[in-house]
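Participant: quick one, what's the 3D model for this:
(2 chains)
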2 protein chains.
Amino acid sequence: MMEMRKPIPVGEAVARVTNEARRLDEETVPLEAAYGRILARPLIAAHDVPSFDRSPYDGYAIRAEDSAGASGGERAVFRVVDHIGAGAVSSKTLGQGEAVRIMTGAQLPAGADAVVMLEQTQEAETVSAGERGSKAGESAVPNAFTIRKAFSPGENISFRGEDMREGEEILPAGSLIHPGTVALLATFGHTEVQAAKRPIVGILSTGTELLEAGAALEPGKIRNSNGPMIAAQLRRMGVPSRMYDAAVDRLEDMLDTVRRALSECDCLITTGGVSVGDYDLLPAVYERLGADVLFNKVAMRPGSVTTVAVLEGRFLFGLSGNPSACYTGFELFARPALLKMMGAERLYPLRTKARLEEDFAKANPFARFIRAVYDGRSVRPAGFNKSNAVSSIGRGNALIVLPGGTRGFAAGDIVDVLLPGMEEGSAVWEL
Amino acid sequence: MMEMRKPIPVGEAVARVTNEARRLDEETVPLEAAYGRILARPLIAAHDVPSFDRSPYDGYAIRAEDSAGASGGERAVFRVVDHIGAGAVSSKTLGQGEAVRIMTGAQLPAGADAVVMLEQTQEAETVSAGERGSKAGESAVPNAFTIRKAFSPGENISFRGEDMREGEEILPAGSLIHPGTVALLATFGHTEVQAAKRPIVGILSTGTELLEAGAALEPGKIRNSNGPMIAAQLRRMGVPSRMYDAAVDRLEDMLDTVRRALSECDCLITTGGVSVGDYDLLPAVYERLGADVLFNKVAMRPGSVTTVAVLEGRFLFGLSGNPSACYTGFELFARPALLKMMGAERLYPLRTKARLEEDFAKANPFARFIRAVYDGRSVRPAGFNKSNAVSSIGRGNALIVLPGGTRGFAAGDIVDVLLPGMEEGSAVWEL
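Facilitator: Alright, predicted model coming up:
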């Protein structure tokens, strides 16, 4: 056991963890189930987008040359020779003075090189919709129209490939598949996608004081809230979990359970038992397993006893049993490691800055993480701020970070804020 | 058909929609599946937390009076009469000069009213762990110790109820169940929770140009990307969806499909067909259904043709067929309405401010929403910025909002930014 623990800075601890993360395999996922997964391969444009020159407006496709010299006094006249909606392709090739009525998104007819917006035209002669036998919802289309200005070739055209070029890398591997990504995948005809496999994560809550969630309260005991909370933190990132149980005061039993979990999971998250208290078994577990302890003391509050070890490429996250420390330890260390295992590009919680709404008088010998409520501009502690407070965990949506070596902060100070609730985080660790 | 459409401000459109949202029923959800749901009832503390006076440190429980007058020269001596871990309760009642070795989280023994931290003590006499037959992981506990300062009654104690009081409302109904909420629910022994039912949402993509995702590209056509995107936007908020198909150019067929969808779903989201173009059938559909059109023109770009109608308490969201407009219309109108149906308190996208990284020269006659990349401090357009651009949807994590009636923005300007990727949004609409 390492009794004399030397605290390392949070950033160094994060780096030690992510450096050890090994990439998992990939698998094929149907597009409908792809939201929240990580792209295993870059998304390459399978064709130009748009894949043809098209009209960005409802209007008329014309030959620009036929509008030369048009003015308010001498309007150019066009004869409408066809009428197409989006998705239709005109069989006509425009001749002199001819136009095709065209809808937003429709392919430009042959010969056309400009689009006149509907509101730029004046009807010259009409037949009624009824006489033309139009479909329901269709309005009258004139046989001819005039315009009062000259158009240049290319005016009002969305050109083939102007959004994306065939072969272009649109998103790198490691991108989170969010709803916009799904739209891109659909655009290129992918009904399935190669995504990183999700790690299987075991959860083992230790502590002689723990009752399971459904149990009646007993003197001296509390219910296990860390296990369900971590399962939800994993679920938030789309990662499945398995719950393990062990007799919490017997080292051999704990060892058996940890060994079994490591044979069934890609990593194991334990809560509690990492201090140097008389009943903290985890240090002995790491020693008996021969696991490589990356660190067992971090210069942070709460959660300074957070320990991370590695055994045969599998992580053992030893989070503190204090709920706030446990929550923070997961977001700072476990989440980035799991994302790295999935090949993600953005491993770290998004960081912003906000105005502190209240004084925070305590000194911060270590970096301090405070559960907080962030409204987009200012931030305040989520309540009763002790590391064993559960209430503040339920109220907050952010973490205030106060750097170590500072003496206290006053209302109005600008402080760092982490947003663990953002769908996708940051590619860089900035604290 | 309403040919002369009068644009209304975005905020008014949002208010018209949320005002129409009717609350859905609630249902019982197992705690393991509760993440992402909305609390249907307030979360009330079922008991005090902590539920007993406890030690926040590893150390010794003492009677403060026995430390009176202690100093460096005249240290007070204590005899250790018991040794308890968290979860254990000592059967001893402290007598004069007696102490109980106590671990973090353990209940204070009878008679004790202060806790001395381990590092504040000096061993007076010891027996080795081996002789005491200790469990693995346990370290030696001395028989006696001394301290050099007087303790006041209550010093270093976490008092019963100091975090939460029995009967106190901890979270209001309408709160999102995030991982911290799960911890709270577990603390109070809830293995299941009353959550709002999730609406069933139908999706119908219209447009004569649309191919399904798996189809080979054809001249003049594009694949349907809006349908899968909206399904993913719904999935992001934990709401299931059903896809519908209709012959997109036949009013009667469209009507049949919309009627069927409304009988099977709580609301229907259509994409495309809401303009005044020759092939836009939705205005006729609303008219034939006798639906109450809340608005059919919003002073925003893209998506000014966004239409929302209500029929017998069910929403018809008519989103624009342009991907960016469709994405934005969902987040601005459909998401708040669906959240309101679930009784949620925080309906609107979280808004923050950030420094614009690039000039944006266009004038903004209407409020403009621009897909953007936000890094916690500054923000930039996500790319090729046209409402029919798909690429920018895949690249962004935020929306820049430029108010209507402005003339263009320069790099360095502070602009409004919406964060649709935040787990929980804002209770107020602020634009």
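Participant: would you mind finding the longest helix in chain A?
Facilitator: Counting by DSSP state H, the longest helix found in chain A is helix A:251-264.
Participant: give me the buried positions along stretch A:402-422.
Facilitator: A:402, A:404, A:406, A:409, A:415-422 (16 or more other Cβ atoms under 10 Å in any protein chain shown). Glycine gets a C-beta too; all of them are placed from N, C-alpha and C.
Participant: and if you look at stretch A:141-157?
Facilitator: Under 16+ other Cβ under 10 Å, the buried positions of stretch A:141-157 are A:141-142, A:144-145, A:147, A:150-151, A:156-157.
Participant: these also near chain B: which ones?
Facilitator: A:Val141 (Cβ under 8 Å from any Cβ of the partner chain).
Participant: which two from the buried residues of stretch A:141-157 end up farthest apart in space?
Facilitator: A:Val141 and A:Ala150 (23.7 Å; Cβ to Cβ).
Participant: returning to what we had before: so which of the buried residues of stretch A:141-157 is the closest to B:Val276?
Facilitator: Nearest to B:Val276 among the buried residues of stretch A:141-157 is A:Val141, at 13.2 Å by Cβ to Cβ.
Participant: which residues of the stretch 201-350 of chain A fall in strands?
Facilitator: A:201-205, A:210-211, A:222-223, A:241-244, A:267-271, A:292-295, A:300-301, A:307-311, A:314-319, A:350-356 (DSSP state E, counting those that start in this stretch).
Participant: show me what the last one is packed up against.
Facilitator: Other elements packing on strand A:350-356 under the criterion 3 or more Cβ pairs under 8 Å, 6 or more residues apart in numbering or on different chains; DSSP states H and E are strand A:378-381, strand A:414-419.
Participant: same question, the fifth one
Facilitator: Contacting strand A:267-271 under the criterion 3+ Cβ pairs under 8 Å, 6+ apart are the following elements: strand A:201-205, helix A:226-236, helix A:251-264, strand A:314-319, helix A:335-341.
Participant: dump those into CSV; add mean neighbour count, mean pLDDT and distance to chain B as well.
Facilitator: CSV is the format used below for the helices and strands packed on strand A:267-271 (neighbours: other Cβ atoms under 10 Å in any protein chain shown; pLDDT from 0 to 100; distance: least, Cβ to the nearest Cβ, whole Å):
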stretch, mean neighbour count, mean pLDDT, distance to chain B
strand A:201-205, 25, 97, 10
helix A:226-236, 26, 97, 4
helix A:251-264, 17, 96, 4
strand A:314-319, 26, 98, 13
helix A:335-341, 23, 98, 11
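Participant: Serialize those to JSON lines and add fields for distance to B:Glu331.
Facilitator: Converted to JSON lines, the helices and strands packed on strand A:267-271 look like this (distance: least, Cβ to Cβ, whole Å):
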{"stretch": "strand A:201-205", "distance to B:Glu331": "31"}
{"stretch": "helix A:226-236", "distance to B:Glu331": "19"}
{"stretch": "helix A:251-264", "distance to B:Glu331": "40"}
{"stretch": "strand A:314-319", "distance to B:Glu331": "34"}
{"stretch": "helix A:335-341", "distance to B:Glu331": "25"}
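Participant: roughly how far does the residue of the stretch 51-200 of chain A found nearest chain B sit from B:Asp249?
Facilitator: For the stretch 51-200 of chain A and chain B, the shortest gap (Cβ to the nearest Cβ) falls at A:Gly87, measuring 3.2 Å. For A:Gly87, the distance to B:Asp249 equals 9 Å [Cβ to Cβ, to the nearest Å].
Participant: give the contact list for the residue of the stretch 51-200 of chain A closest to chain B.
Facilitator: A:105-106, B:207-210, B:220-221 (Cβ atoms under 8 Å, 6 or more residues apart in numbering or on different chains).
Participant: of the residues you listed, which is the nearest to A:Glu26?
Facilitator: Using Cβ to Cβ, these come closest to A:Glu26 at B:Leu210, 30.1 Å.
Participant: element containing A:Ser71, please.
Facilitator: Using DSSP states H and E, A:Ser71 sits in no helix or strand.
Participant: my guess is it contacts A:Arg148. True?
Facilitator: Yes. Using Cβ atoms under 8 Å, A:Ser71 is in contact with A:Arg148, at 6.1 Å.
Participant: list residues touching both of the two?
Facilitator: By Cβ under 8 Å, 6+ apart, no residue touches both A:Ser71 and A:Arg148.
Participant: number of nearby residues for the spatially closest residue to A:Met229 that is not a sequence neighbour?
Facilitator: Nearest residue to A:Met229, sequence neighbours excluded (Cβ to Cβ, 6 or more residues apart in numbering or on different chains): B:Ala183, at 3.8 Å. Using other Cβ atoms under 10 Å in any protein chain shown, B:Ala183 is surrounded by 27 other residues.
Participant: how near is B:Ala183 to A:Gly396?
Facilitator: 11 Å.
Participant: what's the burial count for the closest residue to A:Ala213 other than its chain neighbours?
Facilitator: Spatially, and ignoring its direct neighbours in sequence, A:Ala213 is nearest to B:Ala186 (4.5 Å; Cβ to Cβ, 6+ apart). For B:Ala186, the neighbour count with other Cβ under 10 Å is 26.
Participant: repeat for A:Gly73
Facilitator: By other Cβ under 10 Å, the residues close to A:Gly73 number 6.
Participant: next: A:Asn224.
Facilitator: Based on other Cβ under 10 Å, the number of other residues close to A:Asn224 is 26.
Participant: what does A:Val276 give?
Facilitator: 18.
Participant: any idea how far it is from chain B?
Facilitator: 8 Å (Cβ to the nearest Cβ, to the nearest Å).
Participant: I'd guessed A:Ala196 sits against A:Thr28; true?
Facilitator: No. A:Ala196 lies out of contact with A:Thr28 (Cβ under 8 Å); the separation is 11.6 Å.
Participant: mind checking which of the two has more residues around it?
Facilitator: Relative neighbour count places A:Ala196 above the other of A:Ala196 and A:Thr28, with 23 against 9, counting by other Cβ under 10 Å.
Participant: let's have the helices and strands packed on strand A:350-356 in CSV, adding distance to A:Ala427.
Facilitator: Below are those laid out as CSV (distance: least, Cβ to Cβ, whole Å):
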stretch, distance to A:Ala427
strand A:378-381, 23
strand A:414-419, 15
